[in-house]
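Visitor: 3D model of this:
(2 chains)
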Amino acid sequence: MTNDRRMIKAIRGTRDLLPPDTALWNLIETTARDVFRAYNLQEIRTPIFEATELFARGVGEETDIVSKEMFTWEDRGRAASDKAQSLTLRPEATAGIVRAYIEHKLWDRGLNKLFCVGPMFRRERPQKGRYRQFYQIDAEVIGPASAGSDSPARDAEILEMLATLLDRVGLTEWNLELNSVGCPNDRARFNEALRKALGPVKDKMCVDCQRRAVTNPLRVFDCKVPEDQPIIDKLPRIGQFLDEPCRQHFEAVQDILKGVGIPFHINDRLVRGFDYYTRTAFEFTHGGLGAQNAILGGGRYDGLSEALGGPPAPGIGFAIGEDRLVLSLQEKQSAESVTRRPAAYVAPLGAGMNREAARLARELRRQDLVIELGDESFRLKKLFETATKAGAKYILIVGENEAKADSFALKNLATGEQISVPRAELANKIRA
RNA sequence: GUGGGAGUAGCUCAACUGGCAGAGCACCGGACUGUGGCUCCGGUUGUUGCGGGUUCGAUUCCCGUCUCCCACCCCA
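Guide: Numbers count the residues shown, from 1 in each chain, chains lettered A, B, ... in the order given. Here you go, the predicted structure:
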């Protein structure tokens, strides 16, 4: 025992998700699972931590995430002869899934359509819509090219699925931003052209752009400084450097999207943060999220498997920022409104009635009714108050008279209507 | 990692220039021992984020620190 009364709090950037908000999280996750099923996606669960090297090689050594935002530690060996191993809490899901694809030779199954729901970890400074432990709903379509994994039809299918999902959870006014970042050759030529174009003008730009012009010219397109925009507008675009196959691929994706009626904007300034992205890159954005306006992002990563030591395995995937989707949704509908309220509150009245009430509650719950159960120590007034507060539709009074008659007082809390219902008919009456 | 703002009851917020920490909602009990929501009465609301300093005295002023919010950065 200790006298230390200091409260232990959730650590920076982590938070507790409490009811009724969790109802909204569940709505999103169950809707996602429903939609994914219609597209024949299946669930994969990978470990929450992996070898640090996986992310270094997969995401890219130079990215901010890998170079300064990972939770990494040395895991000591079990014996003195064992080497310590550097482990990392996953900052994103794709690398782990592709690792599993390679490890379990999932190419034997042809095209893999996988999804994964869970927490990710990045050591960033927290702000609205940005947490150190956050949740992603992630999906990947990956397989050998012979299974059609590199087809633009897959890209369009994923995008159409996402539009369906957002509509289904009730998020309106989303925006699909679409671009192609080409293949590595295209990007190398583009990068060179960018550097060349930036050389004479970069001194007139903001300090961030001057730095980016040297380290990662692509990122210049993220700049939001108004004075820089005229300069950025005159820079070359990745679209001018796509080779013929990449250009046709991008055209085909757009053509299918138009065919299925999914609206999108070409955003030729859209670049992605990870090294592994190729060709199609996209973001769904939503206002009202402040600076973190992307609720989901993704793209194609045709070379990732090989970078991780696997066979060629083109793929496309996305990650939904679940925290951000919840934030966007909360503007539209309250968490209370999606909470499932008890159908009935079983109210044991008088000493010894807990036993009978428990029997009744068990019978009703077995018929898939949401039942809240009171306690015999409560007086009738308190039973009513508790039932009302719980949002129950009915209160079911279980007193001595009722137990004797095997017929129970069922009262509609909203209308005040009360009837006596024999045990066998209770479930139907409550459901009606 | 950088810059700015804010932390007072479970929640939303007051407290003059440094002078006894408050209101509403919520919660608990009673009026009211088999029929609620209304009303009335009563009660707890709390190391004023935490730790120092100045002062007879600090929610108030100073320093440090933690957390949240906003922006940068980055991304989902």
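Visitor: where do the strands sit along the stretch 151-300 of chain A?
Guide: Using DSSP state E, counting those that start in this stretch, the strands of the stretch 151-300 of chain A run over residues A:175-180, A:265-266, A:278-285, A:294-300.
Visitor: mind checking which of the ones you listed is nearest residue A:124?
Guide: Smallest distance to residue A:124 across the strands of the stretch 151-300 of chain A (Cβ to Cβ): 14.3 Å, for strand A:294-300. Bear in mind the C-beta positions are built from the backbone N, C-alpha and C, glycine included.
Visitor: CA atoms only: put the following helix or strand past the closest one into PDB for me.
Guide: Sequence-wise, the next helix or strand downstream of strand A:294-300 (DSSP states H and E) is helix A:304-307. Once side chains and other backbone atoms are set aside, the C-alpha atoms of helix A:304-307 remain, and they are given as PDB (Å, rounded to 0.1, in the frame of the first residue of the first chain):
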ATOM      1  CA  LEU A 304       6.600  -3.100 -52.100                       C
ATOM      2  CA  SER A 305       6.700  -6.900 -52.000                       C
ATOM      3  CA  GLU A 306      10.000  -7.000 -53.800                       C
ATOM      4  CA  ALA A 307      11.400  -4.300 -51.500                       C
END
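Visitor: after helix A:304-307, which helix or strand is next?
Guide: Past helix A:304-307, further along toward the C-terminus, the next helix or strand under DSSP H and E is strand A:315-321.
Visitor: now that next one: buried residues?
Guide: Taking 16 or more other Cβ atoms under 10 Å as the neighbour-count basis, strand A:315-321 is seen to contain the buried residues A:315-321.
Visitor: what's the average pLDDT for stretch A:35-54?
Guide: Over the span of stretch A:35-54, the pLDDT mean works out to 97.
Visitor: surely residue A:301 and residue A:275 touch.
Guide: No - using Cβ atoms under 8 Å, residue A:301 is not in contact with residue A:275; the gap is 9.2 Å.
Visitor: more neighbours: the two, which one.
Guide: In this comparison of residue A:301 against residue A:275, neighbours counted by other Cβ atoms under 10 Å, the higher total goes to residue A:301 at 28 against 20.
Visitor: contacting residues around that one?
Guide: With contacts taken as Cβ atoms under 8 Å, 6 or more residues apart in numbering, residue A:301 has the following neighbours: A:94, A:98, A:274, A:276-278, A:315-317.
Visitor: again, only using 7 Å
Guide: With contacts defined as Cβ atoms under 7 Å, 6 or more residues apart in numbering, the neighbours of residue A:301 are A:94, A:276-278, A:315.
Visitor: number of nearby residues for residue A:118?
Guide: Each residue near residue A:118 was counted by other Cβ under 10 Å, and the total is 15.
Visitor: can I get the host helix or strand of it in CSV, CA atoms only?
Guide: According to DSSP H and E, residue A:118 maps onto strand A:112-121. Backbone C-alpha positions of strand A:112-121 (Å, rounded to 0.1, in the frame of the first residue of the first chain) are rendered in CSV as follows:
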residue,chain,number,x,y,z
ASN,A,112,-5.8,-11.6,-51.9
LYS,A,113,-8.4,-9.1,-50.7
LEU,A,114,-7.7,-8.4,-47.1
PHE,A,115,-8.8,-5.9,-44.4
CYS,A,116,-7.6,-5.2,-41.0
VAL,A,117,-8.9,-3.0,-38.1
GLY,A,118,-6.8,-1.9,-35.2
PRO,A,119,-4.5,0.6,-33.5
MET,A,120,-1.4,2.3,-35.0
PHE,A,121,1.2,4.2,-33.2
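Visitor: what comes up buried for stretch A:393-409?
Guide: Along stretch A:393-409, these residues count as buried under the neighbour rule (16+ other Cβ under 10 Å): A:393-399, A:402-403, A:407-409.
Visitor: sorry, that was for stretch A:350-362
Guide: A:353-354, A:356-357, A:360-361.
Visitor: roughly how far does residue A:263 sit from RNA strand B?
Guide: Residue A:263 sits 19 Å away from RNA strand B, going by Cβ to the nearest atom of the strand, to the nearest Å.
Visitor: near that residue, how many other residues are there?
Guide: With other Cβ under 10 Å as criterion, residue A:263 counts 10.
Visitor: ditto for the one 4 residues further on
Guide: Counted with other Cβ under 10 Å, the neighbours of residue A:267 add up to 17.
Visitor: what sits against the residue lying closest to it once chain neighbours are set aside?
Guide: The shortest distance from residue A:267 to any non-neighbouring residue, by Cβ to Cβ, 6 or more residues apart in numbering, is to residue A:177 (4.1 Å). By Cβ under 7 Å, 6+ apart, the contact list for residue A:177 reads A:265, A:267, A:270, A:282-283, A:285.
Visitor: tell me the one of those nearest RNA strand B?
Guide: The closest of these to RNA strand B turns out to be residue A:283 (Cβ to the nearest atom of the strand; 5.9 Å).
Visitor: if I pick the closest one, what's in contact with it?
Guide: Residue A:283 neighbours (Cβ under 7 Å, 6+ apart): A:177, A:270, A:294, A:297.
Visitor: roughly how far does the first one sit from residue A:85?
Guide: Think residue A:177. Here the distance between residue A:177 and residue A:85 works out to 39 Å (Cβ to Cβ, to the nearest Å).
Visitor: then the second one?
Guide: Residue A:270 sits 37 Å away from residue A:85 when distances are taken as Cβ to Cβ.
Visitor: over to the third one?
Guide: For residue A:294, the distance to residue A:85 (Cβ to Cβ) stands at 34 Å.
Visitor: the two: who's more crowded?
Guide: Under the criterion of other Cβ under 10 Å, the comparison of residue A:294 against residue A:85 puts residue A:294 first, with 16 against 13.
Visitor: any idea of the pLDDT on that one?
Guide: 90.
Visitor: ditto for residue A:1
Guide: Here the pLDDT value assigned to residue A:1 is 31.
Visitor: re earlier: from the buried residues of stretch A:393-409, which are also near RNA strand B?
Guide: When contact is defined as Cβ under 7 Å from any atom of the strand, the buried residues of stretch A:393-409 meet RNA strand B at A:397, A:399, A:402, A:409.
Visitor: residue boundaries of the helices in the stretch 101-250 of chain A?
Guide: In the stretch 101-250 of chain A, the segments counted as helices under DSSP state H, counting those that start in this stretch are A:152-169, A:184-198, A:207-215, A:229-233, A:244-260.
Visitor: for whatever residue of the stretch 101-250 of chain A ends up closest to RNA strand B, what are its contacts?
Guide: Among residues of the stretch 101-250 of chain A, the one nearest RNA strand B by Cβ to the nearest atom of the strand turns out to be residue A:128. It sits 2.5 Å away. Listed by Cβ under 7 Å, 6+ apart, the contact set of residue A:128 reads A:290, A:292.
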